[in-house]
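Colleague: Take a look and give me a structure for this.
(one chain, ligands or ions: 1)
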Amino acid sequence: MRKIHNFINGSSVSFSKNELIVDDPSTGEGIAKVVLSSVEDFNKVIESSKKAQVIWSQTTPLKRSRILSNYKNLIEKNINELASIVSEEHGKTLADAKGSVTRGLEVVEFACGIPHLLKGEFSQNVGTNIDSWSIRQPLGICAGITPFNFPAMVPMWMYPIAIACGNSFILKPSEKDPSCSLRLAELFSEAGLPDGIFNVINGDKEVVNLILNSQDISSVSFVGSTPVAKYIYETSAKNGKRVQALGGAKNHLVVMPDANLNQAVDGIIGAGYGSAGERCMAISVAVAVGDIADELVSKIHSEAQKLKVSPWTDENSDMGPVISKEHKEKIENYISIGVKEGATLVEDGRKFKIQGYENGYFVGPTLFDNVTKDMTIYKEEIFGPVVSVIRAKNYDEAINLVNDHDYGNGTSIYTSDGEISRHFTTHSKIGMVGVNVPIPVPMAFHSFGGWKQSLFGDHSVHGMEGIHFYTKLKTVTSRWPKSIQSGPEFVLPTN
Ligand code: NAD
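Modeller: Residues are numbered from 1 along each chain as shown. Next up is the predicted model:
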C-alpha cells in the first residue's frame, strides 16, 4: 500500500512508525497509509521553518510575488491531476474537485499582488518636521489545521497569503485525505519556493497539540467542526498565539412566495446535495415562506430523485459517497432521529446501495418536510445529503429562524422584492449572505468567515482580512532635527 509521508524542508520524509489507513470512500477499501507524525517529525519541521523564514522575510515582496506567479501556472498545468487526487480520497465528483482547486488558485492569484497589498500608510507632518508611517511585517511561523471536506481549497485559503506576507507555513491537513496537500507543496517547491517555507506535517490530534503548545509558532488558522474550533481557539489564545478558528454551519435558504421557484429549487438541489452535503456552505435548511411550501417540497423531491449518486470515476455522477463508514452511520442515525421526533421523511437516503460498490459510504439524497426548530435535525449540523424544509408563516418568522440559530456561516434569500432583500442583507446575523444565489462564497479578494458558532477569532480568511491576520502592524514616527554636520549657517530653501 502507498505510504504518505510528510513534506519537510523540500523532501518527502517521515520518522514516526505510526500510521493510519486512508480509504477510498467509494469502495470502502484502504488505498494508502498516512504517517501519524511524532515529536521527532515535528521538531524537524520547526527547525526547517525557523531557519528558512529569516531569509524569506527579507526577500522582496516582488520576488515572492514572482514565485507565486510561477506557482499559479504550475497549478493550472496540473489541475486535472490535483482534482483526481482530491476525488480519489474524498469521493466528490471530478467537476466539484476541479472547481475547488480553482477557488484555491484564485487565492494564489490574489497573493501575487503582495507588493501592492503590503503597502502601508504615510502621513507627512503629523507634527512640525515629523512624519509617521505604518508597515506590515510577517509574524514568523504560521500554522494551519484543515478539514477533510476541501483538501485543496481550504489549505489554499491560508498558506499562499501567509507565505506571500513573508512567513513560513506549517500545514496539518486532514488525516482522511492528506495526499493533495503534499502535491501542492511539491509544486510550490518546483515554482521556486525555498525549502522550509512550506512544510506539511501529517497526523491527528497529537500533532495538533504539538502545534498549539509550540513556543515557535506565532499563529494558528483552523477550519473544521465547532467543538474542535473552540478548543483550538481557547488553547491557542491561552498560549499567546494569534488565532482564527472557523467552525461548523447550518445554512438556511429562505424562499419567499414571490421567488422564482425553479431557480430556488435549482439552488437548493446544488447547494444541498452537491458534494454529498459535505460543504460548510451547504444549504441544509430550506425555509418555505407562506403558501409556497407544498409546491417547493414537491419540486425539490422530484429533482432530488433525478440525482445520480455514483463514484467519482463515473463522469455523469452528481454526488459521490460521504467520507467514512462512521460518518455514514452518523448521518443515517440523524435521519432516524428526525423520523422519531416527528418530521415527515419525504425521501429516505438510508441503506442506499450501488451494485459493485456495496461497501462504499453512500447515502442517498434525503428530504424532510415539516421540520420544527426544537428538532435535533434542525439544531445540529448533519454534514450530509439531508435537506430539511421548515415552514414559516411570513418573512418575520423566517428571518427570526435564521438569526436565532447558533450557527452563522452562510444564508441566502430568494425573492423578487428589493425591500425584503435589503432588509435581509442588513439584518441577518450571518457572516456571508446571498440574494438569489444559493452559496454566497466570497471571492479570494473578499474575505470568508461566519459569525456566532461558525467562527472564533477576530479575522476571517483571505482577502485583506488574510493580509492583516498574517502580519503585525508597526507604526513609525520620525523627526529629523537640523543636521549637526551642515553647521548653523546652512539654511535650506523654503520653496
Ligand atoms: P474536524 O473538526 O473533525 O477536523 C478538522 C481538523 O482538526 C483535522 O485536521 C483533524 O485532524 C483535527 N482534529 C480533529 N479532532 C481533533 C481534536 N479533538 N483535537 C485536535 N485536533 C483535532 O472536522 P472535519 O470532520 O475534518 O470537517 C468537517 C467540519 O468542518 C464540519 O463541521 C464543517 O462545517 C467544517 N468546515 C467549516 C468550514 C468553514 O469555513 N467554516 C469550512 C470547511 C469545513
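Colleague: From here on, just use CA atoms for contacts and neighbour counts.
Modeller: Fine.
Colleague: what does the protein put close to the ligand?
Modeller: When proximity is defined by Cα under 6 Å from any ligand atom, the chain lies next to the ligand at 145-149, 173-175, 204-205, 208, 223-225, 228, 246-249, 280, 454.
Colleague: what's the pLDDT at the spatially most central residue of the chain?
Modeller: In the chain, the C-alpha nearest the mean C-alpha coordinate belongs to Val154, at 3.8 Å (Cα atoms, centre = their mean). pLDDT recorded at Val154 is 98.
Colleague: And for Val309?
Modeller: 98.
Colleague: Look up the closest residue to it, ignoring the ones flanking it.
Modeller: Nearest residue to Val309, sequence neighbours excluded (Cα to Cα, 6 or more residues apart in numbering): Met319, at 4.9 Å.
Colleague: Was I right to think the one you found contacts Ala276?
Modeller: Yes: between Met319 and Ala276 there is a contact under Cα atoms under 8 Å: 5.7 Å.
Colleague: intersection of neighbour lists for those two?
Modeller: Common contact partners of Met319 and Ala276 (Cα atoms under 8 Å, 6 or more residues apart in numbering): Lys92.
Colleague: so the residue nearest to the centre of the chain, which of the three states?
Modeller: Secondary structure, DSSP: H, G, I helix; E, B strand; the rest coil: Val154 is helix.
Colleague: on that earlier part again, just read off the phi/psi values of the residue nearest to Val309.
Modeller: phi -160, psi 130 (degrees, to the nearest 10).
Colleague: For the closest residue to Lys17 other than its chain neighbours, list the residues it contacts.
Modeller: Nearest residue to Lys17, sequence neighbours excluded (Cα to Cα, 6+ apart): Val35, at 7.1 Å. Neighbouring residues of Val35 by Cα under 8 Å, 6+ apart: Lys3, Ile4, His5, Asn6, Ser14, Ser16, Lys17, Asn18, Glu19, Leu20, Asn202, Gly203.
Colleague: The ligand: which of those residues is nearest?
Modeller: Taking Cα to the nearest ligand atom as the measure, the ligand sits nearest to Gly203 out of the contacts of Val35, at 6.7 Å.
Colleague: Just give me the neighbour total for the nearest residue to Ser181 once chain neighbours are set aside.
Modeller: Using Cα to Cα, 6+ apart and skipping the chain neighbours, the partner closest in space to Ser181 is Ala152 (6.4 Å). Residue neighbour count, defined by other Cα atoms under 10 Å, stands at 31 for Ala152.
Colleague: Spit out the contact partners of Ala152.
Modeller: Val86, Ser100, Val101, Gly104, Cys180, Ser181, Leu184.
Colleague: Which PyMOL command selects the buried ones in the residues of the chain next to the ligand?
Modeller: The PyMOL selection below is limited to those of these classed as buried (16 or more other Cα atoms under 10 Å):
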select buried, resi 145+146+147+148+149+173+174+175+204+208+223+224+225+228+246+247+248+249+280+454
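Colleague: Among the residues of the chain next to the ligand, which are located in helices?
Modeller: By the criterion of DSSP state H, membership of those in helices covers Lys205, Val208, Val228.
Colleague: Contacts only, for Thr24.
Modeller: I think there's a mix-up here, since residue 24 is Asp and not Thr. Neighbouring residues of Asp24 by Cα under 8 Å, 6+ apart: Gly30, Ile31, Glu88, Glu89, His90, Gly91.
Colleague: Tell me if I'm right that the fifth one and Pro147 touch.
Modeller: No: here His90 does not reach Pro147: they are 11.0 Å apart, not a contact under Cα under 8 Å.
Colleague: Would you mark the buried spots in whatever helix or strand Gly30 lives in?
Modeller: Using DSSP states H and E, Gly30 falls within strand 29-35. Across strand 29-35, burial judged by 16+ other Cα under 10 Å covers Ile31, Ala32, Lys33, Val34, Val35.
Colleague: Tell me the one of the residues you listed nearest Glu381?
Modeller: The closest of the buried residues of strand 29-35 to Glu381 turns out to be Val34 (Cα to Cα; 27.9 Å).
Colleague: Tell me who's in contact with the closest one.
Modeller: Lys3, Ile4, His5, Glu19, Leu20, Ile21, Val22, Glu175, Pro178, Asn202, Gly203.
Colleague: Repeat that for Leu307.
Modeller: Per Cα under 8 Å, 6+ apart, neighbours of Leu307: Asp318, Met319, Pro365.
Colleague: Now neighbour count and pLDDT too, for these, in JSON lines please.
Modeller: Formatted as JSON lines, the contacts of Leu307 follow (neighbours: other Cα atoms under 10 Å; pLDDT from 0 to 100):
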{"residue": "Asp318", "neighbour count": "23", "pLDDT": "97"}
{"residue": "Met319", "neighbour count": "27", "pLDDT": "97"}
{"residue": "Pro365", "neighbour count": "28", "pLDDT": "98"}
